[in-house]
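**Student:** A structural model of the following input is requested.
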Amino acid sequence: MPWRTCKPMDERLRFIARLLEGEKMAPLCREFGISRVTGYKIYERYKTCGLDGLNDRSRRPYRHANKLPYQVERTILGIKKEYSSWGAPKIRDKLIREFPMIKPPAVSTVHAVLDRNGLVKRRKRRRYKAKGTELTAAHAPNGLWCADFKGEFMLGNKQYCYPLTITDYRSRYLLTCEGLSSTRTDFAFSVFERAFKDLGLPGAIRTDNGTPFASGNALFGLSKLAVWWLRLGIQIQRIKPGCPQQNGRHERMHLTLKKEATKPASFNFLQQQERFDKFIEVYNHERPHQALGGAYPGDLYTPSVRAYAPPPEPEYPYHDKSVRVTHCGRICMGRRKINLSTVFAGQMVGLREVEDQIWLVSFLDFDLGFFDRDEGRVEPAPNPFLPGKVLTMSPV
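**Tutor:** So this is what the prediction gives:
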């Protein structure tokens, strides 16, 4: 595949591979259409972080579930047709008694067969509707960061670029502007982790309600990114849907970015990122800011005193037990599996029996919801992130 049609990760890999083969930096940078400063920057990231330093690493599933034999599936449907009121557990038990020679499928597999054939009555569940959270200003650098994806645009090689930007609310300092090939969560993780390592942790981060900052299918709209921020002691602030003016300082920076660094667009990701890096330097250290009385953002900004470190495992001394959420987003209690959400996959949550056979599920200082001995999922508690209810996890 020619490098001009590759995605950013492919371009960087090709660039690094040819460097490692012994090619000189200067002619290689000329061929890729970037400066030597950008070339050395990519090379240093590779030496420091390996492939992760090249940012856009794909993570595909390494295996697929085994498919249920056709004959077993037809038998399940036959039992359901004969006993229409039976659910998956009873049908599985019947299958084991009548056909002991076959490997019995899991109850969840039987349920999936019934669901696939329209034989499961779904209970309507109210979908989470984003409302925004309480918004508080910051009077010192790193009290609040603002983040967003500037609208995507097409590069000269027909690839779409999604710039992820982060600014400091108080100083207007542009912390990062990274051109990504999509808004995928793992790409955003990489950008935020690099910012945290270089500049420390903020007290809060303000975003909109879009991917990957929020999720419409999870409890309270939380996403994996938001859960990670909470683990790090960073407060979540979300603007009200349809009100971009609530993140007005950041949106105003986007207008300047669009005008000065994206029109016309560069040919490939490396060239476009070089323009973003130059824009960051000028915006922070050469461009007087009217709202700052003519000062540069770099005159006001200083890195955070809160150094980044992997967070410790949460502890729940006032709960009955602590359990780790499975990779598929479930809580296991003996042989029971209770659906929570995949955004909490791998996280430790606390369980406390608040009434007879009714358990409360908590994550950090937040009460997520309840389940009982009959329900197979967690029903949400009152939303702790609504205006007036946000728990501040760290000083601002």
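**Student:** which one's the longest helix in the protein?
**Tutor:** helix 269-285 (DSSP state H).
**Student:** other SSEs contacting that one?
**Tutor:** Secondary-structure packing of helix 269-285 (3 or more C-beta pairs under 8 Å, 6 or more residues apart in numbering; DSSP states H and E): helix 8-20, helix 36-49, strand 160-168, strand 174-180, helix 248-261, helix 297-300. Every C-beta, even on glycine, is put in place using the N, C-alpha and C of the backbone.
**Student:** which of the residues in the second one are buried?
**Tutor:** By neighbour count, with 16 or more other C-beta atoms under 10 Å as the criterion, the buried positions of helix 36-49 are 38-39, 42-43, 45-46.
**Student:** nearest to Phe189 among these?
**Tutor:** Arg45 (15.6 Å; C-beta to C-beta).
**Student:** quick one, what contacts the residue located most distally from the centre of the chain?
**Tutor:** No residue in the chain sits farther from the centre than Glu98, which is 46.5 Å out by C-alpha atoms, centre = their mean. Not one residue lies near Glu98 by C-beta atoms under 8 Å, 6 or more residues apart in numbering.
**Student:** can you read off the pLDDT for it?
**Tutor:** Reading off the confidence values, Glu98 has pLDDT 88.
**Student:** isn't Ile234 right up against Leu201?
**Tutor:** Yes: Ile234 is within contact range of Leu201, at 6.2 Å (criterion: C-beta atoms under 8 Å).
**Student:** separation between Ile76 and Cys146?
**Tutor:** 52 Å (C-beta to C-beta, to the nearest Å).
**Student:** now swap in Phe153 and tell me
**Tutor:** When distance is defined by C-beta to C-beta, Phe153 is 21 Å away from Cys146.
**Student:** between those two, who's got more neighbours?
**Tutor:** Legend: neighbour count by other C-beta atoms under 10 Å for Phe153 and Cys146, higher for Cys146 (25 against 16).
**Student:** how many neighbours does the residue lying closest to the more buried one once chain neighbours are set aside have?
**Tutor:** Leaving aside its sequence neighbours, Cys146 sits nearest to His250 (C-beta to C-beta, 6 or more residues apart in numbering; 4.0 Å). By the measure other C-beta under 10 Å, the count of residues near His250 is 24.
**Student:** tell me the contacts of His250?
**Tutor:** 146-148, 165, 167, 206.
**Student:** reformat those residues as JSON lines; add distance to Gly334 and pLDDT.
**Tutor:** Formatted as JSON lines, these follow (distance: C-beta to C-beta, whole Å; pLDDT from 0 to 100):
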{"residue": "Cys146", "distance to Gly334": "45", "pLDDT": "96"}
{"residue": "Ala147", "distance to Gly334": "41", "pLDDT": "95"}
{"residue": "Asp148", "distance to Gly334": "44", "pLDDT": "95"}
{"residue": "Thr165", "distance to Gly334": "47", "pLDDT": "97"}
{"residue": "Thr167", "distance to Gly334": "48", "pLDDT": "97"}
{"residue": "Arg206", "distance to Gly334": "42", "pLDDT": "95"}
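**Student:** for Tyr40, see how far away the closest residue to His139 other than its chain neighbours is.
**Tutor:** Using C-beta to C-beta, 6+ apart and skipping residues adjacent in sequence, the residue nearest His139 is Arg170, 6.5 Å away. Relative to Tyr40, Arg170 is positioned 32 Å away (C-beta to C-beta).
**Student:** equivalent analysis for Lys197, please.
**Tutor:** 19 Å.
**Student:** I'd assumed Tyr162 was in contact with Glu152.
**Tutor:** Yes: contact status for Glu152 versus Tyr162: in contact at 4.8 Å, counting by C-beta under 8 Å.
**Student:** helix, strand or coil for Ala307?
**Tutor:** Under DSSP: H, G, I helix; E, B strand; the rest coil, Ala307 falls in the coil class.
**Student:** just the CA coordinates for stretch 165-184, please, in CSV.
**Tutor:** Extracted in CSV, the C-alpha atoms of stretch 165-184 (Å, rounded to 0.1, in the frame of the first residue of the first chain):
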residue,chain,number,x,y,z
THR,A,165,-7.9,19.7,21.5
ILE,A,166,-7.4,20.4,25.2
THR,A,167,-7.2,23.9,26.7
ASP,A,168,-6.7,25.3,30.2
TYR,A,169,-9.8,27.3,31.2
ARG,A,170,-8.1,30.1,33.2
SER,A,171,-5.0,30.8,31.0
ARG,A,172,-6.5,29.8,27.6
TYR,A,173,-3.3,27.8,27.1
LEU,A,174,-3.6,25.2,24.3
LEU,A,175,-2.3,22.0,25.9
THR,A,176,-2.6,19.8,22.9
CYS,A,177,-4.0,19.5,19.4
GLU,A,178,-3.7,16.0,18.0
GLY,A,179,-5.0,15.0,14.6
LEU,A,180,-6.6,11.6,14.8
SER,A,181,-8.2,9.3,12.3
SER,A,182,-11.4,8.8,14.4
THR,A,183,-13.0,9.6,17.7
ARG,A,184,-12.3,6.2,19.1
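**Student:** buried ones in it, by neighbour count?
**Tutor:** Result for stretch 165-184 [16+ other C-beta under 10 Å]: buried residues 165-182.
**Student:** got it, and stretch 12-27?
**Tutor:** By 16+ other C-beta under 10 Å, the buried positions in stretch 12-27 come out as 12-16, 19.
**Student:** which SS state does Ser266 fall under?
**Tutor:** The three-state label given to Ser266 by three-state DSSP is coil.
**Student:** quick one, helices of the stretch 1-150 of the chain?
**Tutor:** For the stretch 1-150 of the chain, helices defined by DSSP state H, counting those that start in this stretch occupy the ranges 8-20, 25-32, 36-49, 70-82, 88-98, 107-116.
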